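Undergrad: structure for the following, please:
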Amino acid sequence: MKNLSIDGLRTLVTVVEVGGFAKAGELLGLSQPAVSLQIRRLEDLLGCKLFKKQGQRQVLNQYGELLLPQAKQMLQYNDAILQQFTSESVTGRVRLGIPSEFAARILPAIIGDFVSLYPDVALEVKSRLSKHLLSVSRQDQFDLVLALNEELESVSHPIFMRDQLVWVGDLNLAKKEVITLVTAPEGCIYRRRAIEALQQSGRPFRIVYSNADLTGLTAALKEGLGITVLAKNTVPSELTYQEHTPQLPELGEIGISLIKNTQESAHAVNKLAEFIALRLA
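TA: Okay, here's the model as predicted:
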(Lines give C-alpha, C1' and ligand atoms only; values in the text may rest on other atoms or scores of the structure.)
Protein backbone atom coordinates (compact mmCIF):
# COMPACT_ATOMS: atom_id res chain seq x y z
CA MET A 1 0.00 0.00 0.00
CA LYS A 2 1.37 3.39 -0.99
CA ASN A 3 1.13 6.40 1.33
CA LEU A 4 0.92 10.02 0.29
CA SER A 5 3.51 12.37 1.76
CA ILE A 6 2.01 15.16 3.88
CA ASP A 7 5.17 17.21 3.21
CA GLY A 8 4.67 16.72 -0.52
CA LEU A 9 1.04 17.80 -0.36
CA ARG A 10 1.92 20.85 1.75
CA THR A 11 4.60 21.79 -0.78
CA LEU A 12 2.11 21.48 -3.64
CA VAL A 13 -0.46 23.68 -1.89
CA THR A 14 2.16 26.27 -0.94
CA VAL A 15 3.54 26.47 -4.50
CA VAL A 16 0.03 27.23 -5.77
CA GLU A 17 -0.84 29.69 -2.99
CA VAL A 18 2.32 31.79 -3.24
CA GLY A 19 2.64 31.50 -7.02
CA GLY A 20 5.96 29.79 -7.61
CA PHE A 21 8.56 27.22 -6.59
CA ALA A 22 11.12 29.76 -5.35
CA LYS A 23 8.60 31.63 -3.20
CA ALA A 24 7.28 28.36 -1.78
CA GLY A 25 10.83 27.35 -0.87
CA GLU A 26 11.37 30.62 0.99
CA LEU A 27 8.15 30.11 2.93
CA LEU A 28 8.82 26.42 3.72
CA GLY A 29 12.51 26.84 4.47
CA LEU A 30 13.54 24.75 1.46
CA SER A 31 15.76 25.40 -1.54
CA GLN A 32 14.07 25.60 -4.95
CA PRO A 33 15.61 22.23 -6.00
CA ALA A 34 14.22 20.68 -2.80
CA VAL A 35 10.75 22.01 -3.63
CA SER A 36 11.04 20.60 -7.16
CA LEU A 37 12.13 17.25 -5.72
CA GLN A 38 9.11 17.13 -3.38
CA ILE A 39 6.78 17.78 -6.32
CA ARG A 40 8.55 15.22 -8.51
CA ARG A 41 8.26 12.54 -5.80
CA LEU A 42 4.57 13.28 -5.47
CA GLU A 43 4.14 13.00 -9.25
CA ASP A 44 6.06 9.71 -9.30
CA LEU A 45 3.85 8.33 -6.53
CA LEU A 46 0.65 9.35 -8.34
CA GLY A 47 1.95 8.36 -11.76
CA CYS A 48 1.13 11.66 -13.48
CA LYS A 49 2.45 15.18 -13.95
CA LEU A 50 0.77 17.88 -11.86
CA PHE A 51 2.11 21.04 -13.52
CA LYS A 52 2.35 22.44 -17.04
CA LYS A 53 4.33 25.34 -18.41
CA GLN A 54 2.44 28.56 -19.16
CA GLY A 55 4.82 31.16 -20.53
CA GLN A 56 7.65 31.38 -18.02
CA ARG A 57 5.55 29.98 -15.17
CA GLN A 58 4.58 26.51 -13.95
CA VAL A 59 0.83 26.17 -13.34
CA LEU A 60 -1.38 23.24 -12.36
CA ASN A 61 -2.58 20.97 -15.15
CA GLN A 62 -5.89 19.06 -15.03
CA TYR A 63 -4.50 16.47 -12.60
CA GLY A 64 -3.04 19.14 -10.36
CA GLU A 65 -6.37 21.00 -10.31
CA LEU A 66 -8.08 17.73 -9.34
CA LEU A 67 -5.60 17.04 -6.55
CA LEU A 68 -5.45 20.54 -5.04
CA PRO A 69 -8.75 20.60 -3.06
CA GLN A 70 -8.14 17.04 -1.83
CA ALA A 71 -4.62 17.99 -0.75
CA LYS A 72 -5.97 20.95 1.21
CA GLN A 73 -8.52 18.70 2.88
CA MET A 74 -5.86 16.17 3.89
CA LEU A 75 -3.69 18.92 5.35
CA GLN A 76 -6.62 20.19 7.39
CA TYR A 77 -7.22 16.68 8.77
CA ASN A 78 -3.51 16.27 9.51
CA ASP A 79 -3.24 19.62 11.29
CA ALA A 80 -6.47 19.09 13.23
CA ILE A 81 -5.25 15.71 14.56
CA LEU A 82 -1.92 17.22 15.61
CA GLN A 83 -3.68 20.13 17.28
CA GLN A 84 -6.02 17.82 19.16
CA PHE A 85 -3.24 15.73 20.64
CA THR A 86 -0.28 18.09 20.91
CA SER A 87 -1.51 21.69 21.23
CA GLU A 88 -2.64 23.41 24.40
CA SER A 89 -5.95 25.25 24.47
CA VAL A 90 -5.62 28.82 23.20
CA THR A 91 -8.49 31.30 23.49
CA GLY A 92 -9.03 35.03 23.20
CA ARG A 93 -9.33 37.80 20.64
CA VAL A 94 -6.47 39.11 18.49
CA ARG A 95 -6.69 42.33 16.46
CA LEU A 96 -4.17 41.97 13.63
CA GLY A 97 -3.05 44.89 11.48
CA ILE A 98 -1.34 44.14 8.14
CA PRO A 99 -0.56 45.94 4.85
CA SER A 100 -3.03 45.22 2.06
CA GLU A 101 -0.52 43.35 -0.12
CA PHE A 102 0.14 40.86 2.69
CA ALA A 103 -3.59 40.52 3.33
CA ALA A 104 -4.21 39.69 -0.31
CA ARG A 105 -1.16 37.61 -1.20
CA ILE A 106 0.44 35.81 1.74
CA LEU A 107 -1.72 35.89 4.87
CA PRO A 108 -4.91 34.05 3.76
CA ALA A 109 -3.26 30.62 3.80
CA ILE A 110 -1.37 31.33 7.02
CA ILE A 111 -4.43 32.70 8.82
CA GLY A 112 -6.54 29.82 7.56
CA ASP A 113 -4.10 27.29 8.99
CA PHE A 114 -3.93 29.18 12.30
CA VAL A 115 -7.73 29.25 12.67
CA SER A 116 -7.84 25.51 11.93
CA LEU A 117 -5.30 24.85 14.67
CA TYR A 118 -6.75 27.30 17.21
CA PRO A 119 -10.50 27.55 16.52
CA ASP A 120 -11.21 29.26 19.86
CA VAL A 121 -9.18 32.35 18.91
CA ALA A 122 -11.22 35.17 17.36
CA LEU A 123 -9.22 37.08 14.75
CA GLU A 124 -10.01 40.62 13.59
CA VAL A 125 -7.84 41.54 10.60
CA LYS A 126 -7.60 45.08 9.24
CA SER A 127 -5.45 46.39 6.37
CA ARG A 128 -3.67 49.73 6.60
CA LEU A 129 -0.58 51.42 5.17
CA SER A 130 2.52 50.41 7.15
CA LYS A 131 3.02 54.07 8.11
CA HIS A 132 -0.32 53.99 9.92
CA LEU A 133 0.26 50.56 11.45
CA LEU A 134 3.53 51.75 13.04
CA SER A 135 2.06 55.05 14.27
CA VAL A 136 2.18 55.36 18.06
CA SER A 137 -1.23 57.04 18.08
CA ARG A 138 -2.81 53.96 16.48
CA GLN A 139 -1.11 51.23 18.48
CA ASP A 140 -4.06 50.71 20.80
CA GLN A 141 -6.14 49.65 17.77
CA PHE A 142 -4.10 46.47 17.26
CA ASP A 143 -2.76 43.64 19.39
CA LEU A 144 -0.34 42.49 16.69
CA VAL A 145 1.04 44.38 13.71
CA LEU A 146 2.86 43.11 10.63
CA ALA A 147 4.34 46.07 8.80
CA LEU A 148 6.99 47.16 6.31
CA ASN A 149 9.84 48.98 8.02
CA GLU A 150 12.58 50.96 6.26
CA GLU A 151 14.72 51.17 9.41
CA LEU A 152 16.59 47.89 8.97
CA GLU A 153 18.41 48.34 12.28
CA SER A 154 15.35 49.56 14.18
CA VAL A 155 15.40 49.04 17.96
CA SER A 156 11.80 50.09 18.67
CA HIS A 157 10.39 47.89 15.88
CA PRO A 158 12.92 45.08 15.27
CA ILE A 159 13.12 43.50 11.82
CA PHE A 160 12.44 39.75 11.74
CA MET A 161 12.92 39.31 7.99
CA ARG A 162 13.92 41.28 4.90
CA ASP A 163 12.59 41.24 1.36
CA GLN A 164 13.85 42.58 -1.95
CA LEU A 165 11.95 45.45 -3.55
CA VAL A 166 11.20 44.81 -7.23
CA TRP A 167 9.70 46.60 -10.22
CA VAL A 168 6.36 45.04 -11.17
CA GLY A 169 4.30 45.15 -14.35
CA ASP A 170 5.06 45.42 -18.06
CA LEU A 171 8.69 46.50 -17.87
CA ASN A 172 8.70 47.39 -21.57
CA LEU A 173 7.06 50.60 -20.32
CA ALA A 174 10.44 51.48 -18.76
CA LYS A 175 11.81 52.01 -22.28
CA LYS A 176 9.52 55.01 -22.77
CA GLU A 177 10.85 58.53 -22.27
CA VAL A 178 8.46 59.16 -19.37
CA ILE A 179 7.80 56.24 -17.02
CA THR A 180 4.18 55.86 -15.91
CA LEU A 181 3.65 54.73 -12.31
CA VAL A 182 0.75 52.92 -10.69
CA THR A 183 0.96 53.39 -6.91
CA ALA A 184 -0.82 53.44 -3.59
CA PRO A 185 -1.67 56.89 -2.15
CA GLU A 186 0.75 59.30 -0.50
CA GLY A 187 2.38 57.77 2.59
CA CYS A 188 3.02 54.36 0.98
CA ILE A 189 6.61 53.14 1.34
CA TYR A 190 6.58 51.54 -2.12
CA ARG A 191 5.44 54.79 -3.71
CA ARG A 192 8.15 56.82 -2.00
CA ARG A 193 10.91 54.35 -2.85
CA ALA A 194 9.85 54.28 -6.52
CA ILE A 195 9.81 58.09 -6.73
CA GLU A 196 13.14 58.50 -4.90
CA ALA A 197 14.86 55.88 -7.07
CA LEU A 198 13.63 57.45 -10.31
CA GLN A 199 14.50 60.98 -9.20
CA GLN A 200 18.02 59.95 -8.16
CA SER A 201 18.57 58.22 -11.50
CA GLY A 202 17.27 61.20 -13.46
CA ARG A 203 14.38 59.28 -15.07
CA PRO A 204 11.27 61.39 -15.77
CA PHE A 205 8.00 59.87 -14.54
CA ARG A 206 4.38 60.60 -13.78
CA ILE A 207 1.81 58.88 -11.58
CA VAL A 208 -1.18 57.90 -13.72
CA TYR A 209 -3.19 55.81 -11.26
CA SER A 210 -3.42 55.60 -7.46
CA ASN A 211 -5.28 53.01 -5.38
CA ALA A 212 -4.75 51.79 -1.81
CA ASP A 213 -6.07 48.32 -2.64
CA LEU A 214 -3.74 45.72 -4.18
CA THR A 215 -6.60 44.31 -6.27
CA GLY A 216 -7.11 47.70 -7.90
CA LEU A 217 -3.39 48.13 -8.52
CA THR A 218 -3.17 44.63 -10.00
CA ALA A 219 -5.99 45.39 -12.45
CA ALA A 220 -4.27 48.62 -13.53
CA LEU A 221 -0.94 46.83 -13.98
CA LYS A 222 -2.56 44.07 -16.05
CA GLU A 223 -4.09 46.76 -18.29
CA GLY A 224 -0.60 48.17 -18.87
CA LEU A 225 -1.28 51.57 -17.31
CA GLY A 226 2.16 51.66 -15.72
CA ILE A 227 4.59 49.89 -13.40
CA THR A 228 4.91 49.82 -9.63
CA VAL A 229 7.12 48.65 -6.76
CA LEU A 230 6.36 45.80 -4.34
CA ALA A 231 8.20 43.49 -1.98
CA LYS A 232 9.12 40.42 -4.01
CA ASN A 233 7.20 37.93 -1.87
CA THR A 234 3.96 39.90 -2.17
CA VAL A 235 3.85 40.10 -6.00
CA PRO A 236 0.60 38.49 -7.26
CA SER A 237 1.23 35.38 -9.34
CA GLU A 238 -0.44 36.87 -12.43
CA LEU A 239 2.08 39.74 -12.57
CA THR A 240 5.70 39.77 -13.74
CA TYR A 241 8.53 41.43 -11.86
CA GLN A 242 12.24 42.13 -12.23
CA GLU A 243 14.90 42.54 -9.54
CA HIS A 244 17.54 43.91 -11.90
CA THR A 245 16.86 45.67 -15.18
CA PRO A 246 19.13 48.09 -17.05
CA GLN A 247 16.29 50.55 -17.72
CA LEU A 248 15.35 50.99 -14.05
CA PRO A 249 17.28 51.87 -10.87
CA GLU A 250 17.97 49.44 -8.02
CA LEU A 251 15.46 49.61 -5.16
CA GLY A 252 17.23 47.81 -2.31
CA GLU A 253 15.61 45.85 0.50
CA ILE A 254 12.74 46.47 2.88
CA GLY A 255 12.41 45.21 6.44
CA ILE A 256 9.34 43.50 7.88
CA SER A 257 8.48 43.97 11.55
CA LEU A 258 6.12 41.97 13.75
CA ILE A 259 5.06 44.02 16.78
CA LYS A 260 3.01 43.03 19.81
CA ASN A 261 1.17 45.98 21.37
CA THR A 262 -0.92 44.51 24.18
CA GLN A 263 -0.98 42.14 27.13
CA GLU A 264 -4.64 41.26 26.55
CA SER A 265 -5.06 37.70 25.24
CA ALA A 266 -1.25 37.59 25.46
CA HIS A 267 -1.09 33.83 24.93
CA ALA A 268 -3.17 34.00 21.75
CA VAL A 269 -1.16 37.01 20.48
CA ASN A 270 2.12 35.21 21.14
CA LYS A 271 0.90 32.09 19.36
CA LEU A 272 -0.19 34.04 16.29
CA ALA A 273 3.06 36.02 16.22
CA GLU A 274 5.07 32.80 16.45
CA PHE A 275 2.95 31.19 13.73
CA ILE A 276 3.34 34.12 11.31
CA ALA A 277 7.08 34.45 11.96
CA LEU A 278 7.75 30.77 11.36
CA ARG A 279 5.65 30.63 8.19
CA LEU A 280 7.00 33.85 6.68
CA ALA A 281 10.66 33.64 7.71
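
Undergrad: from here on, contacts and neighbour counts on C-alpha atoms
TA: Will do.

Undergrad: quick one: low-confidence residue ranges for the stretch 51-200 of the chain.
TA: Applying pLDDT under 70 to the stretch 51-200 of the chain flags residues 83-84, 86-88, 106, 136-139, 154-156.

Undergrad: those helices in the stretch 101-250 of the chain, which residues are they?
TA: 107-117, 130-133, 189-201, 214-222 (DSSP state H, counting those that start in this stretch).

Undergrad: okay, those helices, which one's buried deepest?
TA: Per-stretch averages of neighbours, counted by mean count of other Cα atoms under 10 Å, single out helix 130-133 among those, with a mean of 20.

Undergrad: now do the contacts for the residue lying closest to residue 205 once chain neighbours are set aside.
TA: Once its chain neighbours are removed from consideration, residue 205 has its nearest residue in residue 179; the separation is 4.4 Å (Cα to Cα, 6 or more residues apart in numbering). Shown in contact with residue 179 (Cα atoms under 8 Å, 6 or more residues apart in numbering): 173, 203-206, 226-227.

Undergrad: just how off-centre is the lengthiest helix in the chain within its chain?
TA: Using DSSP state H to assign secondary structure, the helix with the most residues in the chain is helix 62-86. Here the centre of helix 62-86 is set off from its chain's centre by 21 Å, with Cα atoms, centre = their mean, to the nearest Å.

Undergrad: identify each buried residue in that helix, please.
TA: For helix 62-86, burial by neighbour count (16 or more other Cα atoms under 10 Å) applies to 64, 67-68, 71-72, 74-76, 80.

Undergrad: still on that earlier bit, which of the contacts of residue 179 has the most neighbours?
TA: Of all these, the most densely surrounded is residue 227 (27 neighbours; neighbours counted as other Cα atoms under 10 Å).

Undergrad: got a pLDDT number for that residue?
TA: As summarised for this prediction, residue 227 has a pLDDT of 96.

Undergrad: that one reaches residue 166, doesn't it?
TA: No: counting by Cα atoms under 8 Å, residue 227 does not reach residue 166; the two are 10.4 Å apart.

Undergrad: could you pull out the strands in this structure for me?
TA: 51-54, 57-60, 92-98, 121-127, 144-149, 159-169, 179-183, 205-210, 227-231, 241-242, 253-260 (DSSP state E).

Undergrad: about what we covered before: and the helices of the stretch 101-250 of the chain as JSON lines, adding distance to residue 4?
TA: Supplementary listing: those in JSON lines, determined by distance: least, Cα to Cα, whole Å:
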{"stretch": "helix 107-117", "distance to residue 4": "20"}
{"stretch": "helix 130-133", "distance to residue 4": "41"}
{"stretch": "helix 189-201", "distance to residue 4": "42"}
{"stretch": "helix 214-222", "distance to residue 4": "36"}
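
Undergrad: what's the closest of those helices to residue 19?
TA: The closest of these to residue 19 is helix 107-117. By Cα to Cα, the value is 12.4 Å.

Undergrad: who does that closest one touch, helix- and strand-wise?
TA: In terms of contacts (3 or more Cα pairs under 8 Å, 6 or more residues apart in numbering; DSSP states H and E), helix 107-117 is packed against helix 62-86, helix 266-280.

Undergrad: figure out how far stretch 127-142 is from the centre of its chain.
TA: Taking the mean C-alpha point of stretch 127-142 and that of its whole chain, the gap between them comes to 19 Å (Cα atoms, centre = their mean).

Undergrad: how far does it stretch from start to finish?
TA: 11 Å (Cα to Cα, to the nearest Å).

Undergrad: and for stretch 244-254?
TA: End-to-end distance of stretch 244-254: 16 Å, with Cα to Cα as the criterion.

Undergrad: make residue 1 into 778 and carry on from there
TA: Taking 778 as the first residue, the last one we looked at is stretch 1021-1031.

Undergrad: list the buried ones in it?
TA: When burial is assessed from 16+ other Cα under 10 Å, stretch 1021-1031 yields the following buried residues: 1025-1028, 1030-1031.
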